[in-house]
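**Q** got a predicted model here, sequence first, then my questions.
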Amino acid sequence: MNKLMRDGKSLILAYDQGLEHGPTDFNDKNVDPTYVVDIARRGGFDAFVSQKGIAERYYNNEKVPLLLKLNGKTAIYGKEPMARQNCSVEYAIKLGASAVGYTIYIGSAYESEMMAEFGRIQEEAHAHNLPAILWIYPRGEFVKNDTTKEMVAYAARAGMELGADAVKIKYSGDIESFRWAVRAAGKTPVYMAGGPKTATEDEFLRHVSECVKAGASGVAVGRNAWQSDDPFRTARRLNAIVIQGKPLEEALKIK
Ligand code: FBP
């Protein structure tokens, strides 16, 4: 994990939403992967996340490490969520990846298939000295609310027990409950998932700041960064909170 961390913290830029949600998340600027790779490169991010198609065409041995997603799904099929592997660890390495990512939907009827697949990927990644990072989201018919204290901590714990080198989980909404999730993850670093763009940037940065206070090792953000009117200012503020440990009020003054 060291390659993706500065002083034990990471700022990760996620750009796999085109597959997960469709181009509906994009405008004329950020629909172009070149625009987002540039934010990752010059915005002080510790990793850029994409599917292999974007890495093949737009990631050219950039300074920012590549965290290649090895599975994904579209938003079209609405039943029990399942995302199978679509890229090998070996090919991720060929593309220059420093880490691989995989999503498991715990609670889905297909969770055991994703767990088995991740188990193989994790072992293969470790054999090549690559960290395997889990996006771990409670989802499916039996998950009524995926951001309760119990659910978020369950995701964190499950990810740790499955051998993830870091887990990316949703914010549970307050410091105390997120602290429990971080505790449940033990030695496994926890990243907060960004989520849809909040009404104001202050709101998003407050969540980030709360997660850091709760012990998170960073944030893996997409829309709240590359949909920002000023993504480089957002990145500077994120760096201040996550990497430099600055208080929210101070970060918000950064221009
Ligand atoms: P965002 O910050 O844009 O939410 O990105 C984080 C992320 O985990 C992406 O990597 C992924 O594409 C998306 O969220 C998944 O979103 P959903 O919660 O709709 O499945």
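**A** Yes, it's here.

**Q** can you pull the contacts of the closest residue to His21 other than its chain neighbours?
**A** Closest residue in space to His21, ignoring its immediate chain neighbours: Ala75 at 5.2 Å, by Cβ to Cβ, 6 or more residues apart in numbering. Where C-beta positions appear, they are placed from N, C-alpha and C, glycine not excepted. Counting by Cβ atoms under 8 Å, 6 or more residues apart in numbering, Ala75 touches 20-22.

**Q** which one of those has the most neighbours?
**A** Glu20 (18 neighbours; other Cβ atoms under 10 Å).

**Q** can you pull the contacts of that one?
**A** Residues near Glu20 by Cβ under 8 Å, 6+ apart: 72-75.

**Q** and the chain, which of its residues are near the ligand?
**A** With Cβ under 6 Å from any ligand atom as the criterion, the chain meets the ligand at residues 14, 16-17, 20-21, 49, 135, 193-195, 220-224.

**Q** run the last query once more with 5 Å
**A** Applying Cβ under 5 Å from any ligand atom, one finds that the chain approaches the ligand through 14, 16-17, 20, 193-195, 221-223.

**Q** just the buried ones from those residues?
**A** 14, 16-17, 20, 193-194, 221-223 (16 or more other Cβ atoms under 10 Å).

**Q** dump these to JSON lines, plus secondary structure and pLDDT.
**A** Shown next, in JSON lines, are these (DSSP: H, G, I helix; E, B strand; the rest coil; pLDDT from 0 to 100):
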{"residue": "Ala14", "secondary structure": "strand", "pLDDT": "98"}
{"residue": "Asp16", "secondary structure": "coil", "pLDDT": "98"}
{"residue": "Gln17", "secondary structure": "helix", "pLDDT": "98"}
{"residue": "Glu20", "secondary structure": "helix", "pLDDT": "97"}
{"residue": "Ala193", "secondary structure": "strand", "pLDDT": "97"}
{"residue": "Gly194", "secondary structure": "coil", "pLDDT": "95"}
{"residue": "Val221", "secondary structure": "strand", "pLDDT": "98"}
{"residue": "Gly222", "secondary structure": "coil", "pLDDT": "98"}
{"residue": "Arg223", "secondary structure": "helix", "pLDDT": "98"}
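
**Q** since that was my last question, I'll sign off now.
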